[in-house]
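>>> Compute the structure for the input listed below.
(chains A and B)
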Amino acid sequence: MIIPEFYNTLTHHIAPLKPSRPGPDPQDPLNGAEITLYSCGPTVYDYAHIGNFRSFLFADLLRRYLEIRGAVVRQVMNMTDVGHMTDDQIADGAGRDKLELAVEKMKENKKTGRALVENPNDPFQVADFFIQAFQQDALTLRLQVVMDHHAAPEAEKENIMPRPTRHIGEFISLIRTLISRGHAYVGSDGVVYFDVGSFPDYGALSGNSVDQLAHGAGGRTNEQAAKRHPADFFLWKPDQKHIMRWPSPWGDGYPGWHVECSSMAMSILGESLDIHTGGEDNIFPHHECEIAQSQCATGRPFVHLWMHARHLMVNGEKMSKSKGNFFTIRDLVEKGYDPLVVRYALLAARYRETLNFTLKGLHEAAAAITTLRDLAEKLLLAVAGVDEAAGDGLPSTRTALSQLAQTLDPADLDMLTEFDRALAEDLNISAALAAVFIWAPPLLKQKTIGFPCARSALLALKRVDHVLQVAFPPVLPFDPAKLADIESLLAGRNAARAARDFAQSDAVRRQLLALGVELKDTPAGTTWRRCLAPAVPPA
RNA sequence: GGCCGGAUGCCCGAGUGGACUAAGGGAGCGGAUUGCAAAUCCGCGAUUCGUGGGUUCGAAUCCCACUCCGGCCUCCA
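Here you go, the predicted structure:
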């Protein structure tokens, strides 16, 4: 078996993944391994945008790939409900809090009659609102960790998607430990700072050195009397007036924004994690500081493999609200794109390349997904004709490929082998998809497909789709409210066709297309299905 | 200023020394089929990989220089 290799931001090298709890087979340690994975999640003072979701989907791709290789992945994704500073010119947490700004916005909304929460003065309600919105979006994109959280019993939820505001006590004890071990101190301003000088490896992840950080031309550190070193960052800031504050040995205040991930990751997953993911902007300072805090507190390596997704651009430019190229998932759904089209578009480019997101790209994604859905539909039909239970009786999609070799037709096994191999090369999704799109057309072209073949191909496609999550179910549900309109338009079109009034027939087709319905005329009659993308492609 | 990535056909995007006559997707074009339709099927498309040098029997792939683009350097996925 090929052992997957991934690029480690910390070492700057691609290296084989070595699970800390491998499976029983030394040749295939991933099969049966337990892997701990911590993914930096969203801050919840606004709707998450497609850039956020690219990074979360990259983690989802990684996780789902490890799963089809037979690993059990324990993934945690935090929901940052403590605000962070917006004007953080210096590393001490000055400036206005993002949640505070969100609260302001909510109040504005209330004035204009668009109240989103009951009490817009309550930062907890505001955070709750955006957490709900994030989870709704994430579920439509089929992020496994959020699906797990959704399905989990109440007592387990906090171990899947923890919220910092519910772990303040743990943060305080972590900070205490750091102070007692000489890695943190209370400055003359009463703020608790981490002492970067006490951790020689500070800067290893980002390629900085403590010295450079102090003198970097673009660096935003500056000398402050209260701190020992300009790069020292705060762990606890006492602030009697802050919008969110908790009691602590250093006075009422709030925790530093790096503490939450260190603390929650270690308390839920253990002191040493297999993998930690995030967006590239997290490398410095966030993950650098996490390493410092965690390793100074435990004396053990914090994370074996650091993986970071590159940012995405929109229409060749950095995404920003002022440029009007800022998209949320709900924006795109509003335009008529299926969320799974968005999933595919954000997933289909390699995570270490900058992705240029365009609406044209969404249409390309829709076309690609349609091929897979057509195949899924055909295979399910072929199997259902022989044995109703066959679709459910397949081996799990999480079965290592070596255990499926006997079950599969050679062409299907070849495709899956190539799919696995490509993803094993630092998640080369493009090459993996190429294998799928070489494999699928011959199956689609076969006029009929026998049961054993269909069953094997179905198993193969389901395994691929365990990772991709775009092909099943092949027919998407449709807004029932529109159903009557569609039926009557369809009847009218059939009448026009019977009368050979093709101009009228085509006019109705265009009407249906505008409603998000595409038609297929077959000898057996006309069938229709929901479109995955709006009818008119962008210019 | 420091550090890090990138430039492949009309677009997106694999390929990191010989099986590259450069994967795959999208758009386009020609044909079959059809209702001079949609869907589907068949076929076509980079003598070339940002520019200029070099190494090599051999370079998209290695080295040097240059041009351009992007990211980070304490808000950020």
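>>> contacts, neighbours, all on C-alpha from now
Fine.
>>> Ramachandran coordinates for the residue nearest in space to the middle of chain A?
For chain A, the residue nearest the mean C-alpha position is A:F56 (1.8 Å; Cα atoms, centre = their mean). Main-chain torsions, A:F56, degrees, to the nearest 10: phi -70, psi -40.
>>> Can you point out the buried residues in stretch A:203-213?
By neighbour count on 16 or more other Cα atoms under 10 Å, the buried set for stretch A:203-213 is A:203-206, A:210, A:213.
>>> got the residues you listed as CSV, with distance to RNA strand B, pLDDT and secondary structure columns?
Below are the buried residues of stretch A:203-213 laid out as CSV (distance: Cα to the nearest atom of the strand, whole Å; pLDDT from 0 to 100; DSSP: H, G, I helix; E, B strand; the rest coil):
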residue, distance to RNA strand B, pLDDT, secondary structure
A:G203, 9, 90, coil
A:A204, 10, 90, coil
A:L205, 9, 92, coil
A:S206, 6, 89, coil
A:V210, 7, 79, helix
A:L213, 5, 74, helix
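>>> So A:E100 is in contact with A:V82, correct?
No: A:E100 lies out of contact with A:V82 (Cα atoms under 8 Å); the separation is 10.0 Å.
>>> so where's the stretch 101-250 of chain A shaky on pLDDT?
Within the stretch 101-250 of chain A, the stretches with pLDDT under 70 are A:214-224.
>>> the helices in it, which residues?
Assigned helices in the stretch 101-250 of chain A, in chain order: A:123-140, A:144-151, A:154-157, A:168-180, A:210-215 (criterion: DSSP state H, counting those that start in this stretch).
>>> Indicate which one of those is closest to A:E34.
Taking Cα to Cα, helix A:144-151 is the member of those nearest to A:E34, at 15.5 Å.
>>> angle of the closest one against helix A:123-140?
Using axes from the mean of the first three to the mean of the last three Cα atoms, to 10 degrees, the direction of helix A:144-151 lies 110 degrees away from that of helix A:123-140.
>>> Give the other helices and strands that helix A:144-151 contacts.
helix A:50-68, strand A:72-77, helix A:123-140, helix A:154-157 (3 or more Cα pairs under 8 Å, 6 or more residues apart in numbering; DSSP states H and E).
>>> Let me see the mean pLDDT of the longest one.
When pLDDT is averaged over helix A:50-68, the result is 96.
>>> just to revisit the earlier point, right, so of the helices of the stretch 101-250 of chain A, which gets closest to A:A435?
Taking Cα to Cα, helix A:144-151 is the member of the helices of the stretch 101-250 of chain A nearest to A:A435, at 23.9 Å.
>>> Name the residues of the closest one that come out as buried.
For helix A:144-151, by 16+ other Cα under 10 Å, it's A:144-150.
>>> For A:Q27, give its distance to A:H308.
To A:H308, A:Q27 is 28 Å away according to Cα to Cα, to the nearest Å.
>>> If you count surrounding residues, which of these two has more?
A:H308 (22 against 11; other Cα atoms under 10 Å).
>>> How about the residues of the stretch 201-350 of chain A by RNA strand B?
Residues of the stretch 201-350 of chain A lying near RNA strand B by Cα under 7 Å from any atom of the strand: A:206-208, A:212-213, A:216-221, A:230-233, A:257, A:278-286, A:309-313, A:317-319, A:349-350.
>>> Buried among the residues you listed? Make that a ChimeraX selection.
A single ChimeraX command selects the buried members of those (16+ other Cα under 10 Å):
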select /A:206,213,221,230,231,232,233,257,278,279,280,282,283,285,286,309,310,311,312,313,319,349,350
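>>> if you look at the residues of the stretch 201-350 of chain A next to RNA strand B, which of them are in strands?
When those are checked against strands (DSSP state E), the matches are A:278-279, A:309, A:312-313, A:317-318.
>>> Does RNA strand B have contacts with the longest helix seen in chain A?
Among the segments of chain A that qualify as a helix by DSSP state H, the longest is helix A:359-384. Yes: among the residues of helix A:359-384, A:360-361, A:363-365, A:367-368, A:371 lie within reach of RNA strand B under Cα under 7 Å from any atom of the strand.
>>> Sort out which residues of that helix are buried, please.
By 16+ other Cα under 10 Å, the buried positions in helix A:359-384 come out as A:359, A:361-366, A:368-370, A:372-373, A:375-384.
>>> sorry, back to before: from the buried residues of helix A:144-151, which single one is nearest A:S402?
Relative to A:S402, the closest of the buried residues of helix A:144-151 is A:Q144; by Cα to Cα it sits at 24.3 Å.
>>> wouldn't that closest one be in contact with A:D60 here?
Yes: the pair A:Q144 / A:D60 is scored as a contact, 6.5 Å apart, by Cα under 8 Å.
>>> From the rest of the structure, what touches stretch A:98-107?
Applying Cα atoms under 8 Å, 6 or more residues apart in numbering, the contact partners of stretch A:98-107 are A:44-46, A:81-86, A:115-117, A:120-123, A:126-127, A:243.
>>> buried stuff in it?
Applying a neighbour-count criterion of 16+ other Cα under 10 Å, one finds A:98-103, A:105-107 buried in stretch A:98-107.
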